[in-house]
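# Next input, structure requested:
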Amino acid sequence: MDRRFLGILGGVIIIFIAIFAISSHSSNSPSNSSSGGGTPTNHKIGSGKSSVTLIEYGDYECPVCSEYFKPLQQVSTQFSDQIYFQFRNLPLSQIHLNAVSSARAAEAAGLQNKFWQMHDQLYANQDPTGATGWVASKDPLNDFYVKYASAIGLDINKFKTDYASDQVNNDINADLNAFLSTPYVNHDTNKEATPSFFLDGKYIDNSQVIDSSGVSVTKFASLINAEIAKKQPAKNGY
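The predicted model follows:
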């Protein structure tokens, strides 16, 4: 896993350029109807008792994001009573055929309160080589997303309507705009990639959470515990 993961990570970071196809009107790109603003999505799990939030900006088709999927499940479970884990859309539509369509599927599921279930279906069924499954489909909605929607108990007619809706389109664009407005993007544009993480607003470089075997739950936990400690009331008045 380690060589494969590190090779994929390096390749994606090199090829990703932060010029998103927001202005395209095809089914694989969001339109620019929300380019003037909008409220980013707010998909969170966890109780957030420590007031610490870990945000991932991800792309469902990104092979590196798929490597983070299971470790992040462990992290969010381990800290479920302490932090919020939040996912926002960062579809790399110039290099991933179905990046935006998969984001649409997740957001449409979210309108029936099943965002995380669809999020998990997409990552669990992602082919990181890009050769098979929904990532390679010319009609992923009918070939795959409807099946996932059925499996998680969605109203299929509503799912299809929401999938194509302006609301879902605008939600994705709002996430894109939120990412592009972060100080990280403005000041360090050469390192943009997915996944991108922010812990209470502070950017986490991927090198901080990987080791020779891949994504490290232990390293994630160390960063999170340090941030939680900062929020703890001072002892003895200090």
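
# which residue ends up closest to the midpoint of the chain in space?
By Cα atoms, centre = their mean, the chain has its centre lying nearest to residue 58, at 2.6 Å.

# After whichever strand or helix holds residue 85, which helix or strand is next? Please name it.
Remark: residue 85 resides in strand 83-89, with elements defined by DSSP states H and E. Elements were assigned by DSSP H and E; along the chain past strand 83-89, the next helix or strand is helix 99-110.

# so the residue nearest to the centre of the chain makes contact with residue 85?
No - Residue 58 lies out of contact with residue 85 (Cβ atoms under 8 Å); the separation is 11.6 Å. Just so you know, the C-beta spots here come from the backbone N, C-alpha and C atoms, and that holds for glycine as well.

# Report the helix or strand with the lowest average pLDDT across the protein.
When each helix and strand of the chain is scored by mean pLDDT, DSSP states H and E, helix 2-15 comes last, with a mean of 48.

# Measure how buried residue 139 is and give me the count.
12 (other Cβ atoms under 10 Å).

# let me redo that: residue 211
If you count neighbours by other Cβ under 10 Å, residue 211 ends up with 12.

# Residue 69 versus that one, what's the distance?
The gap separating residue 211 from residue 69 is 17 Å, by Cβ to Cβ, to the nearest Å.

# Repeat that for residue 208.
Residue 208 is 18 Å from residue 69, by Cβ to Cβ.

# more neighbours, those two?
Taking other Cβ under 10 Å, residue 208 and residue 69 do not tie; residue 69 has more neighbours (18 against 14).

# The residue nearest to that one when sequence neighbours are not counted is in what secondary structure piece?
Spatially, and ignoring its direct neighbours in sequence, residue 69 is nearest to residue 123 (4.2 Å; Cβ to Cβ, 6 or more residues apart in numbering). Here residue 123, judged by DSSP H and E, is contained in helix 115-124.
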